[in-house]
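Asker: For reference, the sequence and a predicted model appear below.
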Amino acid sequence: MPEGHSIHRLARQFQDVFAGQVLEVSSPQGRFTAGAALLDCHELLEATAHGKQLFLRFDHGVLLHVHLGLYGAWSFGGDESFRGASSIGAPRRIGERETFSQEAEQDAGLGAGPGAGSPISSYAGPPEPVGAVRVRLVSANGWADLRGATTCAAITEAEAAAVLGLLGPDPLHNRPGDREEFIRRLLRRKTAVGLLLMDQSVVAGIGNIYRAEVLFRRRVDPWTPGSSLNAETAGRLWDDTVAAMSDGVRDGRIVTTPSALWSGGTAGALDGEAHFVYKRQGQPCRRCGEVVGMAEIGARKLYWCPGCQN
DNA sequence: ATATTATGCAAAT
DNA sequence: TTTGCCTAATATT
């Protein structure tokens, strides 16, 4: 269940362990057989992320486009060199499903695994697929399995450009002009800012946790219409989103309660102290003591502090 | 052990 | 507006 920070970590992981290598691509589950055939035996040039979209670009102009949706997940495994190159390391991170197989080390060096004899694999090979593996990538040193994704497609550069064209700026890129573009897209809509932050065409990568936490940190009432915000407030929302999500990329989990923002706590180190308002409805606000509220808005649960955010 | 829930989105209705 | 995705952490029995 990833927000943008997880996808950027995954892009970095694919870049680190697979870029520059020819990959075997298959669909053990069978639902992506045709797409896998289009990508099989080609070199991965680069892996990139924009918001929650992941793109793996291959050497013949075809891309693998993946969106994990609510419960999609990648898992990885491989030999020692593969592990050494991985930026997603064991033990697995709390709150994310970027799992790194503990079995991989055992598989390596056993000699006669299921994948032995494959033209590319030089290690014992990936394990038998467990569950519904939509797509499996295999290099000489490791493998990656995708399960449960909403989107998994082999697309052209033009189709990838079309996907990107529907998205707002990504705080994790924070490119020149992105901040101003975010402000423009926020202020021209009458929709509640709590909904706009979840709108991927306004800003790409924010999910339900960052939505709630960033609005709390900036003391913005989620029901304020975008058009009622001033540019300064909107700009500071962008800046804090950049900061919070960058922390998420670094930590591999969402912790929005650093000690600098919360003198009474332990910097989110303890379970249950990682957030200010997310899933804390009915409990006292960590900042003002008011009871944290929750409401369903746009089919998702919105959490906020009525005392701080008005 | 079993049930519920969810960091999301698109397709179907 | 509802369903599918078919995972995996958390809650409940």
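Answerer: Now that the structure is in, tell me what you want to look at.
Asker: who's in contact with the residue lying closest to A:C305 once chain neighbours are set aside?
Answerer: In space, and not counting its chain neighbours, A:C305 is closest to A:C285: 4.2 Å by CB to CB, 6 or more residues apart in numbering. From N, CA and C alone the C-beta is placed, and that goes for glycine too. Contacts for A:C285 (CB atoms under 8 Å, 6 or more residues apart in numbering) come out as A:276-277, A:291-292, A:305, A:307-308.
Asker: Now the two most distant members of these.
Answerer: For the contacts of A:C285, the maximum inter-member distance is 13.4 Å, found between A:F276 and A:V291 (CB to CB).
Asker: So for the two, which residue has more residues nearby?
Answerer: The neighbour count for A:F276 versus A:V291, taken as other CB atoms under 10 Å, is higher for A:F276 (26 against 13).
Asker: quick one: contacts for the more buried one?
Answerer: A:F276 makes contacts with A:212-213, A:216-217, A:256-257, A:262, A:285-287, A:305, as judged by CB under 8 Å, 6+ apart.
Asker: helix/strand/coil for the residue nearest to it when sequence neighbours are not counted?
Answerer: Nearest residue to A:F276 in three dimensions, chain neighbours excluded: A:F216, at 4.7 Å (CB to CB, 6+ apart). For A:F216, the secondary-structure state derived from DSSP: H, G, I helix; E, B strand; the rest coil is helix.
Asker: Then A:V17?
Answerer: Secondary structure for A:V17, judged by three-state DSSP, is helix.
Asker: neighbours around it, how many?
Answerer: The number of residues near A:V17, taken as other CB under 10 Å, comes to 26.
Asker: quick one: the helices in the stretch 101-250 of chain A?
Answerer: Using DSSP state H, counting those that start in this stretch, the helices found in the stretch 101-250 of chain A span residues A:104-107, A:157-165, A:178-187, A:193-196, A:208-217, A:231-251.
Asker: need the residues of the stretch 101-250 of chain A near DNA strand B, please.
Answerer: Within the stretch 101-250 of chain A, the positions near DNA strand B by CB under 7 Å from any atom of the strand are A:150-151, A:198, A:200, A:207-209.
Asker: Find the least confident helix or strand in chain A, judged by mean pLDDT.
Answerer: helix A:104-107 (a mean of 34; mean pLDDT, DSSP states H and E).
Asker: Neighbours of the closest residue to A:L197 other than its chain neighbours, how many?
Answerer: Computed as CB to CB, 6+ apart, the closest residue to A:L197 that is not its neighbour in sequence is A:R211, at 4.6 Å. Using other CB under 10 Å, A:R211 has 25 neighbouring residues.
Asker: Could you list which residues are in contact with the residue in the stretch 151-300 of chain A positioned nearest to DNA strand B?
Answerer: Residue nearest to DNA strand B within the stretch 151-300 of chain A: A:G207 (2.2 Å; CB to the nearest atom of the strand). Going by CB under 8 Å, 6+ apart, A:G207 touches A:2-4, A:52, A:198.
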